[in-house]
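**Student:** Got a sequence here, can you build the structure:
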Amino acid sequence: MNTHSHDFVTVDMRGLKATLVARAQAERVSVSVLVRGAVAHLLGLSDLSEPHRVVDASVAASASTTVKVSIRFTLAEAAQLAAGARAAGLSRGAYLAGLIGGVAALSGGASRADHLAALVASSAELSTLSRDIHHLTSLLRQGNVRAAQEYRERLDTLAGDVRRHLSLASGVLADLRPRSQRADASKHPNT
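**Tutor:** Down below sits the predicted model:
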């Protein structure tokens, strides 16, 4: 997320490099971040390390602009991130962005794939229901009341079936959206 030019300085560490690298790894930051913080502290300046940098306002204004971010993880955490992304069927970046955004399908118990499978199954049921109604209409148009009566039980549950599908669909779609978008949608339900 670095948006300005670099000021490089080469320093002979005289045997301190191994200790410096170990400390940076222990704090889970780059050597550059650690050194900048130490130099800023010695100079009486505020900490200029990478995590506190502000992105240029023109970059922040565009939601579609992407930036590359480097994150230091332990090997186990990196493996967990990769496994979670794989299970969700997403790239690591999209998976991490979803977790940060509070996408319930990623941070909750059920997986994104489970949510989508439930939505597909419910949509398939609704499609079958649509075919049944079309066939029933044809039977009634032909005056074949006896055959149409076979659909009576299906019609008795029609309203509940549609309501269940719409409830499931809205829940799945809400769980797949970031928390901020869910909050915006609840403020403006008619948009």
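**Student:** could you pull out the helices for the protein?
**Tutor:** Ranges of helices in the chain, per DSSP state H, are 17-27, 31-42, 57-61, 75-88, 92-100, 104-107, 112-141, 145-148, 152-156, 158-175, 179-187.
**Student:** Using the record's domain definitions, break this protein down for me.
**Tutor:** With domains defined by automatic domain parsing, the chain comprises 1-67, 112-187.
**Student:** looking at the chain, which residue lies furthest from center?
**Tutor:** Going by Cα atoms, centre = their mean, the residue of the chain most distant from its centre is Gly143, 52.7 Å out.
**Student:** re the thing from before, what's the most buried one of the domains of the chain?
**Tutor:** Highest mean neighbour count of the domains of the chain: domain 112-187, a mean of 13 (counted as mean count of other Cβ atoms under 10 Å). (Each C-beta comes from the backbone N, C-alpha and C, glycine too.)
**Student:** I'd like to know the average pLDDT value across it.
**Tutor:** For domain 112-187, the mean pLDDT works out to 78.
**Student:** Show residues contacting stretch 86-96.
**Tutor:** Residues external to stretch 86-96 that are found in contact with it (Cβ atoms under 8 Å, 6 or more residues apart in numbering): Leu81, Ala82, Gly84, Ala85, Gly98, Ala105, Leu106, Ser111, Arg112, Ala113.
**Student:** In that stretch, which residues are buried?
**Tutor:** Ala88, Leu90, Tyr95, Leu96 (16 or more other Cβ atoms under 10 Å).
**Student:** nearest residue to the third one other than its sequence neighbours?
**Tutor:** Right, the one you point to is Tyr95. Ala85 (3.7 Å; Cβ to Cβ, 6 or more residues apart in numbering).
**Student:** For that neighbour, give me the pLDDT.
**Tutor:** Note on Ala85: pLDDT of 83.
**Student:** dump the residue contacts of it.
**Tutor:** Listed by Cβ under 8 Å, 6+ apart, the contact set of Ala85 reads Ser91, Arg92, Ala94, Tyr95, Leu96.
**Student:** Please report how far it lies from Val172.
**Tutor:** Distance, Ala85 to Val172, by Cβ to Cβ, to the nearest Å: 20 Å.
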